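S.K.: Need the 3D shape of this:
(2 chains)
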Amino acid sequence: MAGNRQIRALNVAEKPSVAKAVSGILSRNQARVREGRSRYNKIFEFDYTIRGQPIHMLFTSVTGHLMELEFDDRYRKWHSCDPSELYQAPVRKTVPQDKLDIKRTLQQEARSCQWLILWLDCDREGENIAYEVIEVCTEANRNMNTWRARFSALIDRDIHEAVQNLDRPNQSFSEAVDARQEIDLRIGASFTRFQTMLLKDAFHFDFATEDRNLILSYGPCQFPTLGFIVERYWEIQAHEPEEFWTINCSHNSEEGTANFSWMRGHMFDYTCAVTIYEMCVEEPTATVTMVRQQEKLKYPPYPLSTIELEKRASRYFRLSSEHTMKVAEELYQSGFISYPRTETDSFSARTDLRAIAQEQQAHPVWGPYAQRLMDPEADLWRNPGNGGHDDKAHPPIHPTKFSAGESGWSQDHHKVYELVVRHFLACVSQPAVSAETTVEIDIAGELFSACGRVILAKNYLDVYRFDTWGGSFIPTYMLGQQFAPTTLTLDSGVTRPPPLLSEADLLSCMDKAGIGTDATMHDHIKKLLDRFYATKDANTRFSPTNLGESLVMGYDDMGYELWKPYLRSKMEDDMKAVSLGTKRKADILASCLQEMKACFLDARLNKVKLFEAMGIFFDRTGAEEQQTIGGVVRRCGLCQQADMVLRRRQDGKFMVGCLGYPQCRKVVWLPGSISEAAVTSNTCNVCSPGPVFLIQFKFRRLEIPPNYSVDHLGCIGGCDDTLRQLTEICGTGPRNPPGTSASVRGQAPTTTSGRQAPTTTSGRQAPTTTSGRNPASNVQRGVCSHCRQTGHSSNGCPSQVSTSGRARSRATNHTNGGSSVPCNSCGEPCELRTANTANNRGRQFYSCQSQECRFFVWEDTINDGGVGQNASHTNARGSNATSGRRGGRGRGRRGGGGGGRGNDTTFVSATGEPVSGRRCFSCGDPSHFANACPNRGM
DNA sequence: GCAAGGTC
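M.R.: Modelled structure (predicted):
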């Protein structure tokens, strides 16, 4: 290239750390560094040769997306338009204020460069950011030759290969992201504005927040995440406990005790279970039918991805995913761990894994393990497994710098660093090895089995203290050996609902359904907590709040699956199609937005479902409701910020009101004799400022003088004499309003204030309302909606059952107010509920709401003379089969009952108290056996 | 004041 001026290339990475790393690799750490306009995004300079051509390289970075998608100013304010307009409102991509410094740096450097080399992450978002950088740079320099460097890891070979094989950016990838952004913005903003404005002032919410700041957001990721929580919660609520029976056998020998469990597992038919049990009791000799010994391996985990890091930190340390990512980010920033946002769970073959492990040998706690790992004689090293995911941009999370703990670290920094290091050492270790012994026995033709495990080599478990693999002892048995069981019991239990979703469960659900990305999942979870949609308990388990549940319930009742993950999954499929070039961005945008707009309009028509669902949990404020009919009539002349729209109130009154209500109270009341009104596309050529759209009115013939027409195309701008006259004649109220007349909110130029049609029902208003005094105030405020007394809110009305009680009424198991029994574990009162299973329909029970306590008791066993209360308060594995008083249950097949034969077997009751074989295992009475127990209706 | 996606 002699004679030519040397080419200058502007290189841009997605983040400062990549700019630094790549510059370091390409310049062999010889790059000069200088400041840019943005504090974080330095500029590295060095010379490099690409395919024989000497290039002067400038290397800087952005910090993720450079631009944001937003609505045009005209649509930015919440009350500026009808939310349904947000499906077509113009949008634009702009560089936000806090990114302007980066933009200036890029433009300044671009002016002196001929090439632009884009080193953004090799995923769809990275491609989209590449186009944002191109847009900004070409604004300053139209003639740049634009290249894309594609690399899969920040290691020398990949980086040199990437720069020697420069490619062009992929527009389809970027367009897929454009489509995603636009759909997310339009759907999110429209539904958020709709449900916030609809519900925020309509209900008294029972959680502490500044009402003004309450946002009831909707988003295509946050709602399905909430959906997972609600769905599990409903599953628990709807669970109908079912009683089951199982036979357990134990055997004491000189070596110790073996516990055999019934290979049939749980049996739900009592008659069948008791029959088999009695057969066993009558022929209780056990014969060993199988002894099997096997070597089992427990493999270490795959290399650590972001989601696994979050799940494991939640499980092992109970850290929230959001906090884990914050701590991980700090460890990454200070160089101790690799980039923490990665989907990759397999190491590239080129990574020097041994060097990473070697560095940890100095650690006081896990150092000795790392030393063993490096020792070829210990034979502990193993190449890590491949989890099958690779984002092509980042390696799995691993330690990048040794530390025995830094002075500035919090407990959580220590924990997360330790997890990353131990996880890395574990995944390059041999699996744990055990010898497992399974013994099967036969008693009267029934099979039972017991298992024992001896750990032969802990291997990776030595360093991965978070994983356990319990050993269990089993005495030696020989095939064909016979013995008499020490205990043989028929135990009862009840099925339990699944537990509430833990944070790790929730992340798994999201991952599976493709909700969010590794970098954003924790944000969606946190958003649910911030929005008062869900709560998290001390065990990191999530429950929906009343607000979260009622929103999901409302949409569910409409028949919409807006809270399910399908919408997002479909979008993900569409995006993939766009990025592969099989669908066009414009097509999927048009079809998706059309579909969503129809859904939005339908949801708005069915908003009563949302009101009903919210009404289950919250009291109405009584704030007036209006139905917007038709579109915009004119721009509001008072606030000059929002449109005025045609509306019809619940009492039938027509008006044209400002969308800025309640901030702006501009309103034009219309005559009470209107039966129909619709905004047309015609505009008034008199009134200004325009446009003022004309409204097509239909009046009720009998309510207007004969010289007026029932059809009238009118203007509310002040020029329309007919409208003014009819307002004076008819007033602004309807003759037969569907509800009580309500207060008037402001005066309009065309109304004749105070003039009411003779049959209006204003006199029917409750004397406590504040009509006319403060038009916008809630007429019910200060008065309980249940008992009409003051001094307490409706929420605290003594005449009402608790809100939580009403909340439960949706569940199949209805809560019956009144009596309660304390949980025998946590002591909390348990509510009386009613079962609805085929076998127990109508039967009442108490169970603890806590997931941890597994307390359950049938109500009819508590005061049962035959069974003491204590004995009845058994947990799921408790024994005595006390139920079955109802007809059809527990009818023993055989009459009369021989007990156990004379042998050494002792029968044990639920409470652990030994009983002789001739006692009834049901009620403990020695005078009869179970199949003759009077409690069983024999 | 709204989404979700980058990243500091």
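S.K.: Run through the stretch 101-250 of chain A and note the low-pLDDT ranges.
M.R.: A:152, A:208-212 (pLDDT under 70).
S.K.: Return the residues of the stretch 1-150 of chain A in contact with DNA strand B.
M.R.: Residues of the stretch 1-150 of chain A lying close to DNA strand B (C-beta under 7 Å from any atom of the strand) are A:14-17, A:40, A:63-65, A:68-71, A:76-79, A:98-99, A:121, A:123, A:125, A:129. Every C-beta, even on glycine, is put in place using the N, C-alpha and C of the backbone.
S.K.: residue of the stretch 301-450 of chain A with the smallest distance to DNA strand B?
M.R.: Taking C-beta to the nearest atom of the strand, DNA strand B has its nearest neighbour within the stretch 301-450 of chain A at residue A:341, 4.6 Å off.
S.K.: And for that residue, the neighbour number?
M.R.: A total of 20 residues lie near residue A:341 under the criterion other C-beta atoms under 10 Å.
S.K.: Can you show me the CA trace of stretch A:373-393 as PDB?
M.R.: The C-alpha trace of stretch A:373-393 is given here as PDB (Å, rounded to 0.1, in the frame of the first residue of the first chain):
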ATOM      1  CA  LEU A 373      -6.700 -32.000  40.800                       C
ATOM      2  CA  MET A 374      -3.400 -31.100  39.200                       C
ATOM      3  CA  ASP A 375      -1.700 -34.300  40.400                       C
ATOM      4  CA  PRO A 376      -1.800 -36.900  37.600                       C
ATOM      5  CA  GLU A 377      -1.500 -39.700  40.100                       C
ATOM      6  CA  ALA A 378      -4.700 -38.700  41.900                       C
ATOM      7  CA  ASP A 379      -6.500 -39.300  38.600                       C
ATOM      8  CA  LEU A 380      -9.100 -36.700  39.600                       C
ATOM      9  CA  TRP A 381      -9.100 -34.600  36.500                       C
ATOM     10  CA  ARG A 382     -11.700 -35.000  33.800                       C
ATOM     11  CA  ASN A 383     -12.600 -32.900  30.800                       C
ATOM     12  CA  PRO A 384     -15.900 -31.100  31.600                       C
ATOM     13  CA  GLY A 385     -19.200 -32.200  30.200                       C
ATOM     14  CA  ASN A 386     -21.000 -30.300  27.500                       C
ATOM     15  CA  GLY A 387     -24.300 -28.900  28.500                       C
ATOM     16  CA  GLY A 388     -25.300 -28.300  24.900                       C
ATOM     17  CA  HIS A 389     -25.700 -24.500  24.900                       C
ATOM     18  CA  ASP A 390     -23.400 -22.000  23.300                       C
ATOM     19  CA  ASP A 391     -24.200 -18.300  22.800                       C
ATOM     20  CA  LYS A 392     -21.100 -18.000  20.600                       C
ATOM     21  CA  ALA A 393     -20.100 -14.900  22.600                       C
END
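S.K.: May I see the buried residues of it?
M.R.: Of the residues in stretch A:373-393, A:373, A:380, A:381, A:382, A:384, A:385, A:387, A:389, A:390, A:391, A:393 count as buried by neighbour count, 16 or more other C-beta atoms under 10 Å.
S.K.: Nearest spatial neighbour of the fifth one, chain-adjacent residues omitted?
M.R.: Taking C-beta to C-beta, 6 or more residues apart in numbering as the measure, residue A:384 lies nearest to residue A:427, with 4.3 Å between them; neighbours along the chain are not counted.
S.K.: Narrow the buried residues of stretch A:373-393 to those in helices?
M.R.: residue A:373 (DSSP state H).
S.K.: Can you pull the phi/psi pair for residue A:304?
M.R.: Residue A:304 adopts backbone torsions of phi -80, psi 120, taken as degrees, to the nearest 10.
S.K.: my read: it touches residue A:395, true?
M.R.: No. Judged on C-beta atoms under 8 Å, residue A:304 makes no contact with residue A:395 at a distance of 9.9 Å.
S.K.: all helices for the stretch 551-700 of chain A, in order.
M.R.: Here the stretch 551-700 of chain A has its helices, by DSSP state H, counting those that start in this stretch, at A:566-580, A:585-605, A:607-617.
S.K.: now the last one and helix A:585-605, what's the angle there?
M.R.: An angle of 60 degrees separates the directions of helix A:607-617 and helix A:585-605 when computed by axes from the mean of the first three to the mean of the last three C-alpha atoms, to 10 degrees.
S.K.: Helix A:607-617 packs against which elements?
M.R.: Helix A:607-617 is packed against helix A:171-199, helix A:546-558, helix A:803-808, with contacts defined by 3 or more C-beta pairs under 8 Å, 6 or more residues apart in numbering; DSSP states H and E.
S.K.: Nearest to residue A:56, out of these?
M.R.: Minimum separation from residue A:56 across the helices and strands packed on helix A:607-617 (C-beta to C-beta) falls at helix A:171-199, 27.9 Å.
S.K.: Show me what the helix or strand just after that closest one pairs with in its sheet, parallel or antiparallel.
M.R.: For helix A:171-199, the following helix or strand on the C-terminal side (DSSP states H and E) is strand A:203-204. The strands beside strand A:203-204 in its sheet (DSSP bridges) come out as strand A:619-620 (antiparallel).
S.K.: what does the average pLDDT come to for the partner strand?
M.R.: The average pLDDT within strand A:619-620 is 90.
S.K.: what's the spacing between it and its chain's center?
M.R.: On the basis of C-alpha atoms, centre = their mean, to the nearest Å, strand A:619-620 sits 27 Å off its chain's mean C-alpha point.
S.K.: One more: stretch A:539-554?
M.R.: 10 Å.
S.K.: sorry, back to before: rebuild the buried residues of stretch A:373-393 as JSON lines, extending it with distance to residue A:610 and pLDDT.
M.R.: Below are these laid out as JSON lines (distance: C-beta to C-beta, whole Å; pLDDT from 0 to 100):
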{"residue": "A:373", "distance to residue A:610": "59", "pLDDT": "96"}
{"residue": "A:380", "distance to residue A:610": "60", "pLDDT": "96"}
{"residue": "A:381", "distance to residue A:610": "59", "pLDDT": "97"}
{"residue": "A:382", "distance to residue A:610": "56", "pLDDT": "97"}
{"residue": "A:384", "distance to residue A:610": "50", "pLDDT": "95"}
{"residue": "A:385", "distance to residue A:610": "48", "pLDDT": "95"}
{"residue": "A:387", "distance to residue A:610": "42", "pLDDT": "93"}
{"residue": "A:389", "distance to residue A:610": "39", "pLDDT": "90"}
{"residue": "A:390", "distance to residue A:610": "43", "pLDDT": "86"}
{"residue": "A:391", "distance to residue A:610": "39", "pLDDT": "78"}
{"residue": "A:393", "distance to residue A:610": "42", "pLDDT": "74"}
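S.K.: Appreciated, that's everything.
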